[in-house]
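> quick check, what structure comes out for this input:
(2 chains)
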Amino acid sequence: MSIFEYNGSALVAMVGKNCFAIASDRRLGVQLQTIATDFQRISKIHDRLFLGLSGLATDAQTLYQKLVFRHKLYQLREERDMKPETFASLVSALLYEKRFGPFFCQPVIAGLGDDDKPFICTMDSIGAKELAKDFVVAGTASESLYGACESMFKENMEPEELFETVSQALLSSVDRDCLSGWGGHVYVVTPTEVKERILKGRMD
Amino acid sequence: MGDSQYSFSLTTFSPSGKLVQIEHALTAVGSGQTSLGIKAANGVVIATEKKLPSILVDETSVQKIQCMTPNIGVVYSGMGPDFRVLVRKSRKQAEQYHRLYKEPIPVTQLVRETAAVMQEFTQSGGVRPFGVSLLVAGYDDKGPQLYQVDPSGSYFSWKASAMGKNVSNAKTFLEKRYTDDMELDDAVHTAILTLKEGFEGQISGKNIEIGIIGADKNFRVLTPNEIEDYLAEVE
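Numbers count the residues shown, from 1 in each chain, chains lettered A, B, ... in the order given. From the prediction side, this is the model:
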């Protein structure tokens, strides 16, 4: 079994009209045994920037702590929040530093840039950035997620419709993956508010 | 440097609480050629005298005003070689920032890092402080900015400032002439007039250097011909 499939994960981020949604599953497993059903894969960096980390959970936790550390220092020095594009470049640089002994994570970054323009991107475990205009996926359920998102995605969705779309895509994809599931965690972010919702799906 | 006889800091406190080496460094700056900077509403101008030791020197090979990034320029008063070292280090720091964040470095951050380098040399073993004061002119998202950095590593933001030989006269002149809503062209004229105040000999496009940055965020050094044009307007 690949190290990326040790804990199991599913992550998706989608762009809407002046908003974005980022969603993950809630299962933490050790190969075939489920350990936790409330695991947080998505974390807030600041009010308009969210980071999801799929892959090996220990690396995801450490990487997250390192990134929060860097971002807090940046905030103190530059007296402003990091733009999503800047943060993505930072994550990419940090991952490449460990090129020959990498973090076994695949990050998904989603944020609102200047002019409230949504920004999403993902990268591989050594920092190769992949920008997208519509959606990005990561985790053990990524192949199903690609298919579900491709068929369900529409441009310029309002926050409510975006939430429905992301939730359906996530739940149907994790149902086809034994290593991810046990519900979902969806954040829908607009310039004015952040809505966090828990999904109840097949609890297996 | 570890086990040499000079591994202690040469910049030590005097009983009066001063760092004498830094005072001497400031003296070196004060006897350097005059330089000044003015922050306008839509840009910044920095200028300096370019007095060469002999008429045989090829003045086109001497460039006292340098750019640290495409949108940040710098001029100095004091020791030229020390200036070159600082510019080199600052350029590297600016590029490292860009490599990490893929964003151009904000002016305040570059000034802060340059000042940190200068401070290091006042507290490290076997080194002496830099014998230059810098005037950093930049234009970024926060608008036009002008900073002075001293050998001690302290930095200040100025609306207009001068350094070097004629500093007190130049500053008095600037205080009288400066207005908050000055345009970049007015600032260039004022800069030339300020340099003229203490200039020995005939001022021309070949013995002063002027660098400007406007809202286009592109720092550039004026050619001698452009300076001659401004000089003609001032006459």
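
> flag every residue of chain B that's near chain A.
Within reach of chain A by Cβ under 8 Å from any Cβ of the partner chain, chain B has these residues: B:R99, B:L100, B:Y101, B:K102, B:E103, B:P106, B:T108, B:Q109, B:R112. The way it works is simple: take the backbone N, C-alpha and C, and place the C-beta from them, glycine included.

> how about stretch A:37-53: buried residues?
When burial is assessed from 16 or more other Cβ atoms under 10 Å in any protein chain shown, stretch A:37-53 yields the following buried residues: A:F39, A:R41, A:I42, A:S43, A:I45, A:H46, A:R48, A:L49, A:F50, A:L51, A:G52, A:L53.

> ditto for stretch B:39-47
Buried residues in stretch B:39-47, counted by 16+ other Cβ under 10 Å: B:K39, B:A40, B:N42, B:G43, B:V44, B:V45, B:I46, B:A47.

> hmm, who's touching that stretch?
Residues outside stretch B:39-47 that contact it (Cβ atoms under 8 Å, 6 or more residues apart in numbering or on different chains) are B:35-38, B:65, B:73-75, B:135, B:137-139, B:144-146, B:158-160, B:180-184, B:186-188, B:191-192, B:195, B:208-215.

> are any of the residues of chain B next to chain A buried, and which?
Judged by neighbour count, with buriedness set by 16+ other Cβ under 10 Å, the buried members of these are B:L100, B:Y101, B:E103, B:P106, B:T108, B:Q109, B:R112.

> just these: which are in helices?
Judged by DSSP state H, the subset of those located in helices is B:L100, B:Y101, B:T108, B:Q109, B:R112.

> what are the boundaries of the helices in chain A?
In chain A, helices defined by DSSP H lie at A:57-78, A:84-97, A:142-152, A:159-175, listed in chain order.

> what mean pLDDT does the longest one get?
The average of the pLDDT scores along helix A:57-78 is 96.

> over to stretch A:35-44?
The average of the pLDDT scores along stretch A:35-44 is 95.

> now swap in stretch B:8-27 and tell me
In this model, stretch B:8-27 has a mean pLDDT of 92.

> do the same with stretch A:176-186
In this model, stretch A:176-186 carries a mean pLDDT of 95.

> list the buried residues of that stretch.
Neighbour-count burial for stretch A:176-186 flags A:D177, A:L179, A:S180, A:G181, A:W182, A:G183, A:G184, A:H185, A:V186 (criterion: 16+ other Cβ under 10 Å).

> where's the residue of chain A found nearest chain B relative to A:E79, distance?
Taking Cβ to the nearest Cβ as the measure, chain A has A:S89 as its residue closest to chain B, at 4.0 Å. According to Cβ to Cβ, to the nearest Å, A:S89 stands 20 Å off from A:E79.

> who has more neighbours, these two?
Using other Cβ atoms under 10 Å in any protein chain shown, the more surrounded residue of A:S89 and A:E79 is A:S89, with 21 against 9.

> OK, contacts around that one?
A:K129, B:L100, B:Y101, B:K102, B:E103.

> which member of those is positioned nearest B:S124?
Distances from the contacts of A:S89 to B:S124 were compared by Cβ to Cβ; the smallest belongs to B:L100, at 25.3 Å.

> that closest one and A:S92 touch, don't they?
No: here B:L100 lies out of contact with A:S92, judged by Cβ atoms under 8 Å, at a distance of 9.4 Å.

> give me the neighbour count for residue 69.
Looking at chain A here, since you left the chain open. Neighbours of A:F69 under the rule other Cβ under 10 Å: 10.

> oops, chain B please
Other residues close to B:T69 by other Cβ under 10 Å number 21.

> ok, it touching B:P104?
Yes: look at B:T69 against B:P104 with Cβ under 8 Å: they come within range, at 6.2 Å.

> what do those two both touch?
Looking at what touches both B:T69 and B:P104 (by Cβ under 8 Å, 6+ apart), the common residues are B:A94.

> chain A versus B:V29, what's the distance?
28 Å (Cβ to the nearest Cβ, to the nearest Å).

> so who does that residue touch?
For B:V29, the contacting residues are B:S77, B:G78, B:G131, B:V132, B:S133, B:D150, B:P151, B:M163, B:G164, by Cβ under 8 Å, 6+ apart.

> in which helix or strand would I find it?
Secondary structure here is read from DSSP states H and E; on that basis B:V29 sits in helix B:20-30.

> how far does that helix sit from its chain's centre?
Relative to its parent chain, helix B:20-30 has a centroid offset of 16 Å by Cα atoms, centre = their mean, to the nearest Å.

> please name the nearest non-neighbouring residue to residue 36.
Because you didn't say which chain, this covers chain A. Leaving aside its sequence neighbours, A:A36 sits nearest to A:L28 (Cβ to Cβ, 6 or more residues apart in numbering or on different chains; 4.1 Å).

> wait, chain B was what I had in mind.
In space, and not counting its chain neighbours, B:L36 is closest to B:A162: 3.9 Å by Cβ to Cβ, 6+ apart.

> where does that neighbour sit: helix, strand or coil?
Assigned by DSSP: H, G, I helix; E, B strand; the rest coil, the conformation of B:A162 is strand.

> hang on, isn't it packed against B:T172?
No: counting by Cβ under 8 Å, B:A162 stays clear of B:T172, with 9.5 Å between them.

> identify the residues contacting the residue in chain B that chain A sits nearest to.
Closest residue of chain B to chain A, Cβ to the nearest Cβ: B:K102 (4.0 Å). Neighbouring residues of B:K102 by Cβ under 8 Å, 6+ apart: A:E85, A:T86, A:S89.

> now do the contacts for the second one.
Residues touching A:T86, when contacts are defined by Cβ under 8 Å, 6+ apart, comprise B:Y101, B:K102, B:E103.

> Throw these into JSON lines and include pLDDT and distance to A:L112, thanks.
Below are the contacts of A:T86 laid out as JSON lines (pLDDT from 0 to 100; distance: Cβ to Cβ, whole Å):
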{"residue": "B:Y101", "pLDDT": "95", "distance to A:L112": "18"}
{"residue": "B:K102", "pLDDT": "93", "distance to A:L112": "18"}
{"residue": "B:E103", "pLDDT": "93", "distance to A:L112": "17"}
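
> possible to save those residues as JSON lines with distance to B:T122?
Conversion of the contacts of A:T86 to JSON lines gives the following (distance: Cβ to Cβ, whole Å):
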{"residue": "B:Y101", "distance to B:T122": "29"}
{"residue": "B:K102", "distance to B:T122": "33"}
{"residue": "B:E103", "distance to B:T122": "30"}
